[in-house]
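Student: 3D model of this:
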Amino acid sequence: MATRGPRLEFAVGAFLVLALGSLLVLAIASTNGEFGFSRDSYALDARFTQVGQLRPNAPVKIGGVTIGRVEKIDLDPVKFDSIVTLAIDSRFNEIPIDTSAGILTGGLLGESYVGLQPGGDMEVLAPGEEIAFTTPAVDLIQMVGKYMFSGGGDNPPPSSGETSSAPPATPAPEEGTTP
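Tutor: Residues are numbered from 1 along each chain as shown. Just a heads-up that it's a prediction; the model follows:
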């Protein structure tokens, strides 16, 4: 029976250590280094009529730069609006009070995120305040469906007096004349 040398055992051990190290690097990269612990942040609320495919932990961005994440999404039981709580990194604590928020999509079918468009007011949003100006998510499938089933916008809608798309009737020939 042949014995395996120490070189083979060392190679197998080194391979396993590299594989585990790769998995650790992948885990750190996929969680943005947070491991379930949040950085120092403060909450802002935004009220939307439609959140589309927005999910908790979705990014919050200004100018394409991630400044926070969606902490939770609740429903207002009185107005039936969605209230989105944003956890904003405390480094970005001077967001103007007239900032607007919109639910955007990265690419045609990409991930939904909250995009903030800062205003020009000198007064800033305090922790726990609500962003007053919001734009709801656009439902792409619903929009395509409306376009397809409405005729694509090529035909103008009938005027208020017309109820049928049939051609106008031809007048009957007068009595005593032959056609």
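Student: Now the residue nearest to the spatial centre of the chain: phi and psi?
Tutor: The centroid of the chain falls nearest to residue 112 when counting by C-alpha atoms, centre = their mean (2.3 Å). Backbone torsions for residue 112, taken as degrees, to the nearest 10, come to phi -80, psi 150.
Student: show me where this structure has strands.
Tutor: 41-48, 59-62, 65-75, 82-89, 100-105, 112-117, 130-131, 133-135 (DSSP state E).
Student: I'd like to know which of those strands lies nearest to residue 17.
Tutor: strand 65-75 (32.8 Å; C-beta to C-beta). Where you see a C-beta, it was placed from the backbone N, CA and C, and this is true even at glycine.
Student: what angle separates that closest one from strand 82-89?
Tutor: Angular relation of strand 65-75 and strand 82-89 on a 0 to 180 degree scale: 150 degrees, by axes from the mean of the first three to the mean of the last three C-alpha atoms, to 10 degrees.
Student: Tabulate the strands of the chain (CSV), appending mean pLDDT and distance to residue 25.
Tutor: CSV is the format used below for the strands of the chain (pLDDT from 0 to 100; distance: least, C-beta to C-beta, whole Å):
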stretch, mean pLDDT, distance to residue 25
strand 41-48, 94, 25
strand 59-62, 94, 21
strand 65-75, 94, 20
strand 82-89, 95, 24
strand 100-105, 92, 29
strand 112-117, 94, 25
strand 130-131, 92, 36
strand 133-135, 90, 38
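Student: Distance to residue 141 added to the ones you listed, as a markdown table?
Tutor: As requested, the strands of the chain are arranged in a markdown table below (distance: least, C-beta to C-beta, whole Å):
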| stretch | distance to residue 141 |
| --- | --- |
| strand 41-48 | 18 |
| strand 59-62 | 23 |
| strand 65-75 | 20 |
| strand 82-89 | 19 |
| strand 100-105 | 12 |
| strand 112-117 | 14 |
| strand 130-131 | 27 |
| strand 133-135 | 18 |
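Student: who does residue 65 bridge with?
Tutor: residue 62 (DSSP bridges).
Student: In the protein, what helix or strand scores lowest on average pLDDT?
Tutor: The helix or strand with the lowest mean pLDDT-type score in the chain, counting by mean pLDDT, DSSP states H and E, is helix 140-149 (a mean of 79).
Student: Off-centre distance for that helix?
Tutor: For helix 140-149, the distance from its own C-alpha centre to the chain's C-alpha centre is 18 Å (C-alpha atoms, centre = their mean, to the nearest Å).
Student: go on, stretch 60-73?
Tutor: The gap between the average C-alpha position of stretch 60-73 and the chain average comes to 11 Å, counting by C-alpha atoms, centre = their mean.
Student: Name the residues that touch it?
Tutor: Stretch 60-73 is contacted by residues 41, 43, 51, 54-59, 82-89, 91-92, 95, 113-118 when judged by C-beta atoms under 8 Å, 6 or more residues apart in numbering.
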